[in-house]
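Participant: Output the structure for:
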Amino acid sequence: MADTFDPEFAVLLTELVEKIGLLRRDMQQKQDLEKYEARVARVEQKFSALAEHVSRTDPTLATTLRSAWRLPARSLAFRNAGHQKGLKDTKS
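Facilitator: Have a look, this model is predicted:
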């Protein structure tokens, strides 16, 4: 059985990747991404190396991180929906 990361660490790392992904998406939508294309490419390269490293011990977290990077708004929506469901379950 593969070791997994601490759940709190996994959530914090996913949130960080979502925020960076959202920033990248906003820059792209405002057509500012071209000015920082080389920097964003280096960030993406480092992120890919991180996701690959994480996948060796926790493939599920690596998949979550990749989703948070590529589709940050969707990742955030799914995480929020899960949180809301958890709140409803504790009230019942």
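Participant: From the rest of the structure, what touches stretch 58-65?
Facilitator: 2-5, 10, 13-14, 17, 47, 50-52, 54-55, 75 (Cβ atoms under 8 Å, 6 or more residues apart in numbering). For glycine as for every other residue, the C-beta is placed from the backbone atoms N, C-alpha and C.
Participant: hmm, I was thinking of stretch 15-33
Facilitator: 36, 40, 43, 47, 65, 68-73, 75-76, 79.
Participant: are any of those buried, and which?
Facilitator: Among the contacts of stretch 15-33, those classed as buried by 16 or more other Cβ atoms under 10 Å are V40, F47, L65, A68, W69, P72, S75, L76, R79.
Participant: I'd assumed L50 was in contact with the fifth one.
Facilitator: No. Taking Cβ atoms under 8 Å as the contact criterion, W69 and L50 are not neighbours in contact, 9.7 Å apart.
Participant: how about the helix or strand E15 falls within: buried residues?
Facilitator: Using DSSP states H and E, E15 falls within helix 7-29. Using 16+ other Cβ under 10 Å as the test for burial, helix 7-29 gives A10, L13, T14, V17, E18, I20, G21, R24, M27.
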